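Chemist: With the sequence up front, the predicted model follows.
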Amino acid sequence: MTGVAPQSAVDPSSAGFQKNAARYQELLATLRERMAVAMAGGGDALMRRHIERGKLPARERIELLLDVGSPFLEISPLAAWGLYGGGVPAAGAVAGIGLVEGQHCMVIANDATVKGGSFFKETVRKHIRAQDIALQNRLPVLYLVDCGGAYLPQQDEVFPDWGHFGTTFYNQCRMSAEGLPQISAVFGGCTAGGAYIPALSDEAIIVQGTGRIHLGGPPIVKAAINEVIDGESLGGAAMHTRVSGVTDYLAADEREALAKMRQIVRHLNMPKHGSAEPPRAARPPRFDAAEIPGIVGADLKQPYDVREVLMRLVDDSELQEFKPEYGATLVCASAHIHGRPVGILANNGVLFSESSVKGAHFIELCNQRGLPLLFLQNITGFMVGSEAERGGIAKHSAKLVYAMATARVPRLTVLIGGSYGAGNYGMCGRGFAPHFLFSWPSSRIATMSPEVATTVLTDLKRASLKGPGAEHEIDDLARETTEQFTRQSDPYYATARLWDDGIIEPAQTRDVLGLCLQVIAQGTPRATGPSPVFRM
């Protein structure tokens, strides 16, 4: 499409477009309502009590910490959505990337209005995911600590294993050793495991009057050694700053603590990640991203040309498409987003052998040229059937999986539609550790669609059942399977369990990707060495 003005075949006035747009608006309304609930923390009553104690809400702390007017790329804001009776919004923590003194930093803030800032299993996963992003992109980590430690009723799910609470401390040690600063500000009680967040930090600030750190609180001390002591004497701010030396700076209030954290970041002497100007000036798309819902709709069975989506995401709607006449069910194209180059692989149907090999070849080119990869998933999987098998679909699909998994450039993924079976793998699903992965509210993710799963399982059951009552049992299985796969493929089911980094609106996607590309611009060295796969 380069060299000529891009053309769109979309008619926003058509009945089909209007129907799609109206249905998608319902999805967006649901997303916005649920985001508002998650951002409200523990609710009005607990928030009032929190503020009456002289403490700021977690999100207000982050706002004061970040550079004025700078964006904040929040990670997994709907973690734990729908779990625990809705009692752990955002998994009790806020995490994301923002600018502090011009430096991109990962910020992890406990929300004490949610179960006292205790760590549920989803909280641990969110905390570790934020640390993984920081490590992968070479970001300092700023911990705004107000933490009650592990949620004890879940001790077997948050304490003993890899990927549990201990891994958060392992990550702190590892990142500090690799020169990635770990800085804490303590705003409330840090008990048991929570005490290690500031203790393992390179520098720690504590707020007078509200900040406390102790491995065991007064009740545990009394039970263990029969010592009676109050919380302030045991682990208060003055004691830890002037006596134990666990913390390095004493702040009179939270605002002073946040100002001190900014001052520390100012003197880190680190390269400013993403501060380099993009290779070329950003240009807005020629077509409005607000039209994307009318293009894709909410019905995953409804086909559309993914190029129409791309032309509303990339600079000047300009795509340099690779092999446009071959393997047409996978669109491969070079483009720019906010002035930064990217190689795009986007589904336009089921993946055949031709599209798989084409994708592997394109990934090889992006490796050679140092282009980050962007995968837009809307995929039922790789082609099945005797003709596909005889044509080597297993071998050719494996080429795409291998090329993607061994790519030496950063990878970003957005689930814009279905993400089913091995198609999820070939298009860089969560299991292949993309740098960032986001979903649209119309997306679905599962081993297969509810319709296919129901057909497969009922056919297997029918083959093994005979006699009276068989059809009734098969009908029950069909109903149960459809319900299970429909519920478990829902994007909110996925994001609650941190299978993505958040659900975003289609119209926000360009800016979200632009922020991600800016963050990774200096975090990953240019790929070098021989290509790991053969060309066609």
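Modeler: Great, that's in hand.

Chemist: When you work out contacts or count neighbours from here on, use the C-alpha atoms and nothing else.
Modeler: Noted.

Chemist: nearest residue to residue 486 other than its sequence neighbours?
Modeler: With sequence-adjacent residues excluded and distances taken as CA to CA, 6 or more residues apart in numbering, residue 486 is closest to residue 450, at 5.7 Å.

Chemist: List the contacts of the one you found.
Modeler: Going by CA atoms under 8 Å, 6 or more residues apart in numbering, residue 450 touches 481-486.

Chemist: where in the stretch 351-500 of the chain is pLDDT low?
Modeler: 466-467 (pLDDT under 70).

Chemist: follow-up on the earlier one: buried among the contacts of residue 450? Make that a PyMOL selection.
Modeler: Remark: buried members of the contacts of residue 450, expressed as a PyMOL selection using 16 or more other CA atoms under 10 Å:
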select buried, resi 481+482+485+486
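
Chemist: and the contacts of residue 450 as TSV, adding secondary structure?
Modeler: Output for these, formatted as TSV (DSSP: H, G, I helix; E, B strand; the rest coil):
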residue	secondary structure
481	helix
482	helix
483	helix
484	helix
485	helix
486	helix
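
Chemist: Could you export the contacts of residue 450 as JSON lines, including distance to residue 171?
Modeler: Converted to JSON lines, the contacts of residue 450 look like this (distance: CA to CA, whole Å):
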{"residue": "481", "distance to residue 171": "40"}
{"residue": "482", "distance to residue 171": "40"}
{"residue": "483", "distance to residue 171": "39"}
{"residue": "484", "distance to residue 171": "36"}
{"residue": "485", "distance to residue 171": "35"}
{"residue": "486", "distance to residue 171": "36"}
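
Chemist: Tell me the one among the contacts of residue 450 nearest to residue 235.
Modeler: Residue 235 has its nearest neighbour among those in residue 484, at 48.5 Å by CA to CA.

Chemist: quick one: low-confidence ranges for this structure?
Modeler: Per-residue confidence for the chain (pLDDT under 70) gives these ranges: 1-3, 273-276, 466-467, 522-536.

Chemist: which stretches of the stretch 351-500 of the chain form helices?
Modeler: When assigned using DSSP state H, counting those that start in this stretch, the helices of the stretch 351-500 of the chain occupy the ranges 353-369, 386-390, 393-405, 421-426, 450-464, 470-488, 491-496.

Chemist: can you tell me which of the ones you listed comes nearest to residue 280?
Modeler: The closest approach between residue 280 and any of the helices of the stretch 351-500 of the chain, judged by CA to CA, belongs to helix 353-369 at 16.1 Å.

Chemist: Can you name every helix or strand that that closest one contacts?
Modeler: Counting contacts by 3 or more CA pairs under 8 Å, 6 or more residues apart in numbering; DSSP states H and E, helix 353-369 packs against strand 330-337, strand 340-347, helix 393-405.

Chemist: Check the gap between the residue nearest to residue 164 when sequence neighbours are not counted and residue 147 for me.
Modeler: Here the nearest residue to residue 164 in space, its sequence neighbours aside, is residue 158; by CA to CA, 6+ apart that works out to 4.8 Å. Remark: distance between residue 158 and residue 147 (CA to CA, to the nearest Å) = 14 Å.

Chemist: Please say which of the two ends up with more neighbours.
Modeler: For residue 158 versus residue 147, the count of surrounding residues by other CA atoms under 10 Å is larger for residue 147: 30 against 24.

Chemist: Now do the more buried one against residue 404, distance only.
Modeler: Computed with CA to CA, the distance linking residue 147 and residue 404 is 39 Å.

Chemist: Distance-wise, check the closest residue to residue 104 other than its chain neighbours relative to residue 437.
Modeler: Here the nearest residue to residue 104 in space, its sequence neighbours aside, is residue 98; by CA to CA, 6+ apart that works out to 5.5 Å. In this structure, residue 98 lies at 18 Å from residue 437, with CA to CA as the measure.

Chemist: what do you get for residue 100?
Modeler: As defined by CA to CA, residue 100 lies at a distance of 24 Å from residue 437.

Chemist: Next: residue 490.
Modeler: Noted for residue 490: a distance of 16 Å to residue 437, by CA to CA.

Chemist: quick revisit: any idea which of the contacts of residue 450 is closest to residue 151?
Modeler: When these are compared against residue 151 (criterion: CA to CA), the nearest one is residue 484, at 28.6 Å.

Chemist: show me what contacts that closest one?
Modeler: Taking CA under 8 Å, 6+ apart as the criterion, residue 484 is in contact with residue 450.

Chemist: pretty sure residue 337 contacts residue 509?
Modeler: No: between residue 337 and residue 509 there is no contact under CA atoms under 8 Å: 10.4 Å.

Chemist: The two: which has the busier surroundings?
Modeler: Between residue 337 and residue 509, counted using other CA under 10 Å, residue 337 has the larger neighbour count: 26 against 18.

Chemist: Helices along the stretch 101-250 of the chain, start to end?
Modeler: For the stretch 101-250 of the chain, the helices defined by DSSP H, counting those that start in this stretch occupy 121-137, 155-158, 165-177, 196-199, 218-225, 231-235, 237-239.

Chemist: Mind putting these into a markdown table with distance to residue 348?
Modeler: Rendered in a markdown table, the data for these read as follows (distance: least, CA to CA, whole Å):
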| stretch | distance to residue 348 |
| --- | --- |
| helix 121-137 | 30 |
| helix 155-158 | 40 |
| helix 165-177 | 39 |
| helix 196-199 | 46 |
| helix 218-225 | 60 |
| helix 231-235 | 59 |
| helix 237-239 | 58 |
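
Chemist: Can you check which of those helices gets nearest to residue 443?
Modeler: Shortest distance between residue 443 and these, using CA to CA, is found for helix 121-137: 21.0 Å.

Chemist: so what does the closest one touch, helix or strand wise?
Modeler: Helices and strands touching helix 121-137, as assessed by 3+ CA pairs under 8 Å, 6+ apart, comprise strand 93-100, strand 103-110, helix 155-158, helix 165-177.
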